[in-house]
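A.B. asks: Here's my sequence, what's the structure:
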Amino acid sequence: MSTYRIQGATGEWEVVIGLEVHAQVTSNAKLFSGASTEFGAEPNTQVSLIDAAMPGMLPVPNRECIRQAVRTGMAIEAQINAWSRFDRKNYFYADLPQGYQISQLYHPIVGEGQLLIEADEKAGIAQDKIIGIERIHVEQDAGKLMHDQHPTMSYVDLNRTGIALMEIVSKPDMTSPAEAGAYVRKLRSILRYVGSCDGNMEEGSMRADVNVSVRKVGDSELGTRTETKNVNSVRFVMQVIEYEANRQVDVLESGGTVDQETRLFDVATGTTRTMRSKEDAHDYRYFPDPDLLPLELDDAFLSECRESLPELPDAKRARYEGELGLTPYNARELTAEVETFGRFETLLSATAAKIGKPEKAVATQVANWALSVAPGVMKSLGEEADPANATAEAQASILAMQDTGEISGGQAKEIYEIVLKTGRNPEEIADAEGLKQVSDTGAIEEAIDAIIAANEDKVEQYKGGKDKLFGFFVGQTMKAMQGKANPAVVNQILKDKLG
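C.D. replies: Model prediction:
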């Protein structure tokens, strides 16, 4: 079993990791106001009186935000709390007009759950592992300070103020950068399946606070942790852990102590730096928000949330393996992202209908095409390819011709290239461009007879036991037929003639 360890001067160290993922809830309006949540608007154009903390403005919970949080909790097999409450987290900052953030410390809407990360030997994850999730609570986002708009002043954009966030808090169950990366990828996949967050980390709608501590191998007590804020990519999460764990080991082995603090990640250097000392809950003077009643969820609401859930990644992967007969690798790759399985299932349905076979009979062919062949052709063409031409119907036509032996794998790629460039019909391309396999046994037999007659010495060697020469005869035949002969027909005729 592969284990992540840091070899220090005084012995081996292990790292303990917990993540707090902030996921922006998919909703047209903010958590407590009707202001728009659309990304990319002009600064301060999506700010209601509630968001701006005007006196006398009372918050009203957005039902859709609550619904999405509950559905997310159900997707990670978590306890759903039918009674929860909002609290005020008090601190002063220029991007927080109210002077407090409405959050849920004491009574979150979602309790303990779990998430499975799959074994990945290449990444250093030796076996499947369950990561515990402590809670999901709903809270408001703050605004955004912009420091690069003016040489002496910072500007404030309050468009994000009041947007609903789910804070998904893991238990400290991860022990390597690879596990943390797999956890974020899997969590992002689940959120996108459910539709509760778009997962666009580069736009800030999903970001992670990374908690890291180290301890000597064999120790049971946790070390002092640091929290690196607002990390916005899987790669950066892994870099933070790598850097921060090694930094802490260096500090401890040099006789120092690790400070409990909040840190920032510098993308340019791949390092973290001190932001401020780490606060505890009492520093924020939490208390129940007096403007908001507790949330009470009835059975009908909870039932609707559960019934609205789609087939989730683990269940879909098991179905692909069990019902469609796909390999574990193909099943995992096809279910990793919403777009990937969506394209696959559309193409699978179209191909099965075109060929007239059950989906299971063509699933492996379609999976290999969707994961390897089609992306490879698209990548090779670059800007010459028009993705709009890659319709399921066009690809199904190519796969159908390949299934019947009309075209070879190489010809399928050639036809798909032309489809991507021009949008022409694949069957018309195959006819017009001469991209069909020759299955005429007479023509193939004639070519084989000529090759055998010209290579009598090799025929004798083959019959004398040099089996590898069979490949020579296949190659010569395909060359004579300009690569258009049906390989299955060539093989069969050669076997008959060579005995």
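A.B. asks: List the buried residues of the strand ranked longest in the chain.
C.D. replies: Scanning the chain for the longest strand, with DSSP state E as the assignment, gives strand 11-24. Neighbour-count burial for strand 11-24, with 16 or more other C-beta atoms under 10 Å as criterion, is recorded at 13-24. Where C-beta positions appear, they are placed from N, C-alpha and C, glycine not excepted.
A.B. asks: Identify the residues contacting D289.
C.D. replies: D289 is in contact with 59, 85-88, 102, counting by C-beta atoms under 8 Å, 6 or more residues apart in numbering.
A.B. asks: Among those residues, which one is most surrounded by other residues?
C.D. replies: Within those, F86 tops the neighbour count with 27 neighbours, counted by other C-beta atoms under 10 Å.
A.B. asks: In TSV: the contacts of D289, plus distance to A353, pLDDT and secondary structure.
C.D. replies: What follows is the contacts of D289, written out as TSV (distance: C-beta to C-beta, whole Å; pLDDT from 0 to 100; DSSP: H, G, I helix; E, B strand; the rest coil):
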residue	distance to A353	pLDDT	secondary structure
P59	51	96	coil
R85	53	98	coil
F86	51	98	coil
D87	55	97	strand
R88	57	97	strand
I102	52	97	strand
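A.B. asks: Closest to D148 out of the residues you listed?
C.D. replies: Of all those, the one with the least separation from D148 (C-beta to C-beta) is I102, at 29.4 Å.
A.B. asks: Beta-bridge partners for the closest one, please?
C.D. replies: In this structure, I102 has beta-bridge partners R88, where bridges are defined by DSSP bridges.
A.B. asks: wait, it sits on A142?
C.D. replies: No: using C-beta atoms under 8 Å as the test, I102 is too far from A142 to be in contact (11.1 Å).
A.B. asks: Find out how far stretch 235-245 is from the centre of the chain, if you would.
C.D. replies: Between the mean C-alpha point of stretch 235-245 and the mean C-alpha point of its chain there is a distance of 19 Å (C-alpha atoms, centre = their mean, to the nearest Å).
A.B. asks: Flag the shaky bits of the stretch 201-350 of the chain, pLDDT-wise.
C.D. replies: Low-confidence regions of the stretch 201-350 of the chain, defined here as pLDDT under 70, do not occur.
A.B. asks: all helices of it, in order?
C.D. replies: Secondary structure of the stretch 201-350 of the chain, counting by DSSP state H, counting those that start in this stretch: helices at 234-253, 299-307, 313-322, 328-335, 338-355.
A.B. asks: of all these, which lies closest to C197?
C.D. replies: Evaluated with C-beta to C-beta, these place helix 338-355 nearest to C197, the distance being 11.6 Å.
A.B. asks: what comes up buried for the closest one?
C.D. replies: For helix 338-355, the neighbour count (16+ other C-beta under 10 Å) marks 338, 341, 343-348, 350-352, 354-355 as buried.
A.B. asks: Output the contacting helices and strands for it.
C.D. replies: Under the contact criterion of 3 or more C-beta pairs under 8 Å, 6 or more residues apart in numbering; DSSP states H and E, the helices and strands touching helix 338-355 comprise helix 177-194, helix 328-335, helix 359-368, helix 392-403.
A.B. asks: Relative to R135, which of the buried residues of strand 11-24 is nearest.
C.D. replies: Looking at the buried residues of strand 11-24 and their distance to R135, the nearest is E20, at 10.0 Å (C-beta to C-beta).
A.B. asks: Can you classify L115 by secondary structure?
C.D. replies: Under DSSP: H, G, I helix; E, B strand; the rest coil, the three-state class of L115 is strand.
A.B. asks: any idea how far I66 is from it?
C.D. replies: In this structure, L115 and I66 are 21 Å apart, going by C-beta to C-beta, to the nearest Å.
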